[in-house]
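K.L.:
sequence and predicted structure are below.
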Amino acid sequence: MVGRVYLVGAGPGAADMLTVRAQRVLQGADVVVFDRLVSPEILDQVPRGAMRIDVGKRPQHHAVPQEEINDMLVRLATAGRTVVRLKGGDPFTFGRGSEEARHLMRAGIATEVIAGVTSASACAAAVGIPLTHRGLASGVRYVAGHCRNDGNLDYDWRGLADPDTTLVVYMGMAQIGAIAVRLVEAGLSPETPAAAIVNGTTPRQRHCIATLATIANRARPYQGQGPVLFIIGRVVGLAPTLDLSLPSQPGARACHASAD
């Protein structure tokens, strides 16, 4: 019999932020194909006896190309296995889950998508940053901090440089300096509050609050420590008064700075 593939969002990292539905499916998996952004806490919930396959991509190094991952999922399901494709955050938010779902459905493989808590809302809440706030931000924009094949970012920078919108940058550690420059050139004040959050929601969480002009330097120590999320906008200025991270995350550490 042909198996089934579940595209599962693992959430932002904390084990107890995995949804009940995702946990139930994970416990029934024969094979778990996981990404780099899936935290150790989540991987600890993979049942004994289930095969684990690491297909994580790293900047400048895609050990398993996406096309091979697509074909691997088809082969595993065709062999009759129940496959969980485990992705950090939500599979349909910068997770390439839609590409995998399309490939699987074209191959006739039964596929189900299980949403995960996306890192933007979870990490923002963990450090006391509301993504919207009356009088400060009436909307939110999510962007990826890198492009396909590591090309140059090509965004509508003037549209992104909207002081009434909160900008969340996923996977932007390598490009945050260039992103900040482009936003300032497009009209956003260099004094706009900005935050960097690494390993959000986990005991290893750290975050830094600075300005758009200084965030690249302030976040540099986070390079290589884990997934980093950036939040840019006036709402970040509320974090010092709404910071909930230290009581709930024993290992969390924060720094607050406005200038070099």
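P.N.:
Great, that's in hand.
K.L.:
which ones are touching the closest residue to residue 46 other than its chain neighbours?
P.N.:
Leaving aside its sequence neighbours, residue 46 sits nearest to residue 32 (CB to CB, 6 or more residues apart in numbering; 5.1 Å). To be clear about C-beta, it is placed using only N, CA and C from the backbone, and glycine gets the same treatment. Contact analysis of residue 32 by CB atoms under 8 Å, 6 or more residues apart in numbering lists 26, 46, 50, 51, 52, 53, 83, 84, 86.
K.L.:
helix, strand or coil: sort out residue 32 for me.
P.N.:
Classification of residue 32 using DSSP: H, G, I helix; E, B strand; the rest coil returns strand.
K.L.:
distance check, it against residue 6.
P.N.:
Going from residue 32 to residue 6 by CB to CB, to the nearest Å gives 10 Å.
K.L.:
next one: phi and psi at residue 133?
P.N.:
Main-chain dihedrals, residue 133, degrees, to the nearest 10: phi -160, psi 130.
K.L.:
same question, residue 206
P.N.:
The main-chain torsion angles of residue 206 are listed as degrees, to the nearest 10 and equal phi -140, psi 150.
K.L.:
ok, how many other residues are close to it?
P.N.:
Counted with other CB atoms under 10 Å, the burial measure for residue 206 works out to 23 neighbours.
K.L.:
picking up where we left off before, show me what the residue nearest to residue 46 is bridged to.
P.N.:
In this structure, residue 32 has the following beta-bridge partners (DSSP bridges): residue 52, residue 84.
K.L.:
how near is it to residue 239?
P.N.:
35 Å.
K.L.:
cool, residue 160 as well?
P.N.:
In terms of CB to CB, residue 160 sits 21 Å off from residue 239.
K.L.:
which of these two has more neighbours?
P.N.:
It is residue 239, of residue 160 and residue 239, that has more neighbours when counted by other CB under 10 Å, with 22 against 18.
K.L.:
so the more buried one touches residue 130, yeah?
P.N.:
No. Using CB atoms under 8 Å, residue 239 is not in contact with residue 130; the gap is 9.2 Å.
K.L.:
where do the strands sit along the stretch 51-200 of the chain?
P.N.:
Under the criterion DSSP state E, counting those that start in this stretch, strands of the stretch 51-200 of the chain are mapped to 51-54, 82-87, 110-114, 139-144, 165-170, 193-198.
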